[in-house]
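J.: Structure of the sequence below:
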Amino acid sequence: MPKHSARSAIRLLERSKIPRSKIQRELMGADLDLEKMVIYLKGRIQFDVADRVMDIGLVRSIDGASTIKVSLNDYDRSIVQSRRLHNALDVQLDGMWFRMVKVEREAGDDQLDLTFEQREIAVLRSYPKKGAKHNGVIFADRAKVTRAEFILRLIREVKEFKIPVVIPELHRPQAIEKGSDTPTWGSSADGSDTESTDYSGVQTSIATGGGVGTDHNRVSSDDRNESPQRVAANQLYVKGVPASKAQIANANTIVAVGQSMKVRRKLLVVSLMVATQESTLQNLAGGDRDSVGLFQQRASWGSYSDRHNPAAAARLFFKAAIPKDQFEPDMPAGKLASDIQRDYTWNTPRMGDDYERWHREADRFVTAFGVPGGADEWTAAEANSMGDNAWQSGSDYVYYRGEPKESDKVWKREDSWTCIRRLAEEVGWRAFFIGGVFYFLPDEDLFKTQPIMHIEEKTPGIIGIGFDLDVGKPTSEVKIKANVGKWLAPPGSVIVVKNTGPANGRWIVNEFERSIFGTEADITCTKPQAELPEPLDDSVEHTPTWAKVGVSDDPSRQPTAPDQPGWAGIDTDGSRNAVVKVAELALKTEQTNHYRYPPDEGGDGTRPARPIPDSLFGAEAHKSLDCSAFATLCYKEAGCEDPNGFGYNGTGNTGTLVKRGRSAAFPNPGDLIFYGGSLAFPGHVAVFVGAGKIIEIGSSNGILKLDWTYRPVVAIRSYLPL
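T.: Numbers count the residues shown, from 1 in each chain. So this is what the prediction gives:
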């Protein structure tokens with residue numbers, strides 16, 4: 001395995017801050033120790049290959065497997081006749097392990113080419129093992145299991161070694177395609193003509209730093225090849241309708257004012273959520289009573305001329321927003337929008353829902369403007385409104401590993417890596433390895449990470465920059481030639497191209513290719529590919545009767561999050577910090593996927609919430625979750641021992657929790673605080689997260705963050721070392 005840990009890899013990508021001193025440089029540096037590889041290869045095939053090596057080429061890619069191709073001069077045929085070339089032949093280069101997967105030679109040629117594939121991928125190709133029951137074909141019901149959970153089940157099947165993973169959206173059900181998803185073309189919100197989309201223009205206008213081009217949604221009449229679904233995924237919308245030039249111009253003004261006032265990205269998104277809800281991003285001359293402008297601000301906000309001037313109105317909005325955001329930085333975006341708008345009459349359990357439903361559209365605008373997401377922002381799933389409606393009580397759609405034949409009655413073997421790639425491509429996500437760590441996430445997540453490099457043709461080490469912005473291709477490309485050792489950005493990271501005309505902007509590094517004996521490397525970068533919804537219909541019409549599909553029987557539900565190092569960016573190390581992070585993640589989850597508090601059906605204060613769900617982020621937890629189950633699962637997901645002392649067997653309550661742990665006079669982060677009832681059996685429990693706050697669930701409002709002194713405290717219990 002590589003020298004760095006899985007945890008360090010997670011920090012690099014998940015937290016969107018990649019220090020130059022910790023960049024994963026495997027195979028990209030100019031100081032590769034080839035002698036070690038040659039010696040190792042010699043020991044495996046029992047030939048001195050030092051004088052026979054003609055070339056060693058390598059490719060690192062997020063579109064498939066990283067490979068090494070070793071070209072040997074087998075002039076006397078001694079290597080090919082040695083019987084030492086087999087698929088268990090492993091070599092190591094620069095901390096990465098590779099396994100031989102192909103041997104080839106042209107007729108009449110002395111050159112023998114050995115292709116080595118990244119070992120983790122080669123091992124995944126060996127699963128399911130020969131002789132597996134039903135050819136290793138497995139199924140999982142989409143109503144019970146997420147696509148990411150099913151893929152994790154395939155990764156965990158590997159027994160040769162443990163593969164670290166980063167899957168930020170592991171437990172998030174993805175949006176399902178609707179019959180009405182295909183857009184209707186022909187007119188925009190302001191009634192002006194829209195031609196069919198110029199996909200290249202859409203891509204090249206994103207994140208140039210100069211705002212969003214007002215023709216961002218323009219459609220080219222000669223575009224005959226682009227998929228309408230892919231076009232739609234890359235347009236900007238206002239309340240579900242492609243944004244007009246006027247709406248884009250107003251959004252640009254709002255974001256530019258916010259940037260001039262140095263507000264953080266969250267407030268930029270909130271400002272567009274509010275303007276979308278209040279005015280559909282139109283500078284209205286009037287409104288309800290004395291309301292006016294983009295934000296429908298009333299007379300108490302300022303003069304009519306200021307409120308009707310987009311820039312002045314935006315400044316008024318941000319002046320009100322900044323102190324509220326500073327006072328409670330973790331406030332959900334919808335609730336913050338409601339508070340800024342002085343929506344004091346709002347009295348529903350989930351305040352700000354009318355603003356919150358435009359979060360995805362606003363987030364896309366801000367990203368298109370050139371402001372990438374940060375570590376304190378919502379995950380891509382949250383920004384994409386993946387909520388309760390994605391979970392169904394049951395469905396005909398199943399994820400599967402296997403290849404259907406003869407009208408789905410006969411199933412052939414499909415290896416796990418091929419299956420993973422297929423499942424990723426169906427929804428436009430990425431499945432790849434960096435330094436032995438497996439990543440499964442959408443391009444949107446990658447595109448939000450902090451850029452590793454800012455380059456132009458005169459940047460030291462850059463030999464040349466070319467680009468291909470053909471509208472007939474599914475994605476645009478930038479091709480860079482650089483000196484080996486000068487290039488710092490590994491595949492999966494983001495760079496910014498400057499002073500190169502239409503190629504300016506942010507790009508995802510897709511592939512790095514070089515010869516070990518050469519001094520130059522070829523790098524291919526792409527724009528984000530469109531994220532697609534879950535398919536509406538299942539391609540498998542007849543699931544075999546022997547296929548078990550369901551939560552209890554489906555192994556894809558296991559292992560739970562603590563067995564995944566650093567899942568969702570959290571180090572599940574059993575620490576206080578991990579408990580706090582899990583509770584905070586559940587609080588964020590509440591905003592898009594409501595946790596249902598079980599009713600007091602018997603009228604005696606008891607709630608039928610047992611057994612405790614297996615995971616805090618699975619479907620069962622959203623159906624029924626009470627306070628003690630929430631506290632218990634925060635500890636479980638964080639990798640701690642069961643605070644009830646039952647080994648997470650599904651039981652426990654406030655009474656069993658309060659009996660364990662150390663008594664404390666004042667809480668520390670990760671401690672449990674008990675309220676009401678008696679010391680022997682408190683009526684309520686919450687997780688203390690620091691800064692005088694608790695996170696709890698105690699009513700139909702779902703998971704909330706409150707002051708820890710909001711009601712009389714019965715006891716404080718500490719279960720973890722300080």
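J.: C-alpha from now on. contacts and neighbour counts both.
T.: Noted.
J.: which other residues reach the helix or strand where Ala275 lies?
T.: Per DSSP states H and E, Ala275 falls inside helix 265-279. By CA atoms under 8 Å, 6 or more residues apart in numbering, the residues outside helix 265-279 that reach it are 238-239, 251, 254-255, 258, 281-282, 293-296, 314, 317-318, 321-322, 325, 333-334, 336-337, 354-356, 358-359, 361-363, 366, 371, 373-374, 377.
J.: quick one: buried residues of the helix or strand that that helix is followed by?
T.: Sequence-wise, the next helix or strand downstream of helix 265-279 (DSSP H and E) is helix 304-307. Within helix 304-307, the residues that count as buried by 16 or more other CA atoms under 10 Å are 304, 306-307.
J.: Could you do stretch 652-668 as well?
T.: 652-659, 661, 667-668.
J.: taking those residues one by one, which sit in strands?
T.: The strands, defined by DSSP state E, take in nothing from the buried residues of stretch 652-668.
J.: what sits against the residue nearest to Lys693 when sequence neighbours are not counted?
T.: Take Lys693 and drop its neighbours on the chain: the residue closest to it by CA to CA, 6 or more residues apart in numbering is Asp707, 4.6 Å away. Contact partners of Asp707, counting by CA under 8 Å, 6+ apart, are 692-694.
J.: Whichever of those end up buried, select them in PyMOL.
T.: The following PyMOL line selects those of the contacts of Asp707 that are buried, judged by 16+ other CA under 10 Å:
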select buried, resi 693+694
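J.: per the record, what domains does the chain have?
T.: Domain assignment for the chain by automatic domain parsing gives 32-125, 243-385, 450-526, 570-718.
J.: closest one to Glu160 among those domains?
T.: domain 32-125 (8.1 Å; CA to CA).
J.: circling back to that earlier point, output the helix holding Ala275 as CSV, nothing but the C-alphas.
T.: Written as CSV, here are the backbone C-alpha positions of helix 265-279 (Å, rounded to 0.1, in the frame of the first residue of the first chain):
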residue,chain,number,x,y,z
ARG,A,265,-20.0,31.4,-0.3
LYS,A,266,-23.0,30.3,1.9
LEU,A,267,-24.3,33.9,1.9
LEU,A,268,-23.9,34.1,-1.9
VAL,A,269,-26.0,31.0,-2.3
VAL,A,270,-28.6,32.2,0.3
SER,A,271,-28.9,35.6,-1.5
LEU,A,272,-29.8,33.9,-4.8
MET,A,273,-32.3,31.5,-3.0
VAL,A,274,-34.1,34.6,-1.6
ALA,A,275,-34.1,36.5,-4.9
THR,A,276,-35.4,33.4,-6.7
GLN,A,277,-38.3,32.9,-4.2
GLU,A,278,-39.2,36.6,-3.9
SER,A,279,-38.9,37.9,-7.4
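J.: Partner strands of the longest strand along the chain, with direction?
T.: Taking DSSP E as the criterion, the chain has its longest strand at strand 505-515. Next to strand 505-515 in the sheet, as set by DSSP bridges, lie strand 53-61 (antiparallel), strand 494-497 (antiparallel), strand 520-526 (antiparallel).
J.: okay if I get these as a markdown table plus distance to Leu268, mean pLDDT and mean neighbour count?
T.: Below are those laid out as a markdown table (distance: least, CA to CA, whole Å; pLDDT from 0 to 100; neighbours: other CA atoms under 10 Å):
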| stretch | distance to Leu268 | mean pLDDT | mean neighbour count |
| --- | --- | --- | --- |
| strand 53-61 | 34 | 83 | 19 |
| strand 494-497 | 22 | 88 | 22 |
| strand 520-526 | 26 | 91 | 21 |
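J.: Now render those as CSV, adding distance to Lys636.
T.: Below are the strands paired with strand 505-515 laid out as CSV (distance: least, CA to CA, whole Å):
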stretch, distance to Lys636
strand 53-61, 36
strand 494-497, 34
strand 520-526, 39
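J.: Which one of those lies nearest to Asp141?
T.: The closest of those to Asp141 is strand 53-61. By CA to CA, the value is 31.3 Å.
J.: contact partners of the longest strand of the chain?
T.: Residues from elsewhere that reach strand 505-515 (CA under 8 Å, 6+ apart): 55-63, 204-209, 446-447, 451, 478, 489-498, 520-528.
J.: Which member of the contacts of Asp707 is positioned nearest Val137?
T.: When the contacts of Asp707 are compared for distance to Val137 (CA to CA), Ile694 wins out at 45.5 Å.
J.: Okay, now the sheet partners of the helix or strand containing the closest one, with direction.
T.: Taking DSSP H and E as the criterion, Ile694 maps to strand 693-697. With DSSP bridges as the test, strand 693-697 is paired with strand 682-690 (antiparallel), strand 703-707 (antiparallel).
J.: so how far is it from its chain's centroid?
T.: From the chain centre to the centre of strand 693-697 is a distance of 26 Å (CA atoms, centre = their mean, to the nearest Å).
J.: give me phi/psi at Gln111?
T.: Phi and psi for Gln111, reported as degrees, to the nearest 10, are phi -80, psi 130.
J.: ok, now how distant is the closest residue to it other than its chain neighbours from Ile138?
T.: Nearest-residue entry for Gln111: Asn73, 4.9 Å, with adjacent residues in sequence omitted and distances by CA to CA, 6+ apart. Distance of Asn73 to Ile138, given as CA to CA, to the nearest Å: 44 Å.
J.: quick one: which of those two has more around it?
T.: Comparing Asn73 with Ile138 by other CA atoms under 10 Å, the one with more neighbours is Ile138, at 22 against 18.
J.: Could you give the bridge partners of the more buried one?
T.: Arg401.
J.: ok, it touching Val398?
T.: No - with contact defined as CA atoms under 8 Å, Ile138 does not reach Val398; the gap is 9.7 Å.
J.: you'd agree Val497 is up against Asn504?
T.: Yes - the criterion here is CA under 8 Å, and Val497 meets it with Asn504 at 4.9 Å.
J.: Next, the angle from the helix or strand where Ala578 lies to strand 703-707.
T.: Here Ala578, judged by DSSP H and E, is contained in helix 576-590. Per axes from the mean of the first three to the mean of the last three CA atoms, to 10 degrees, the angle that helix 576-590 makes with strand 703-707 is 120 degrees.
J.: which helices and strands does helix 576-590 pack with?
T.: Counting contacts by 3 or more CA pairs under 8 Å, 6 or more residues apart in numbering; DSSP states H and E, helix 576-590 packs against helix 627-637, strand 682-690, strand 693-697, strand 703-707.
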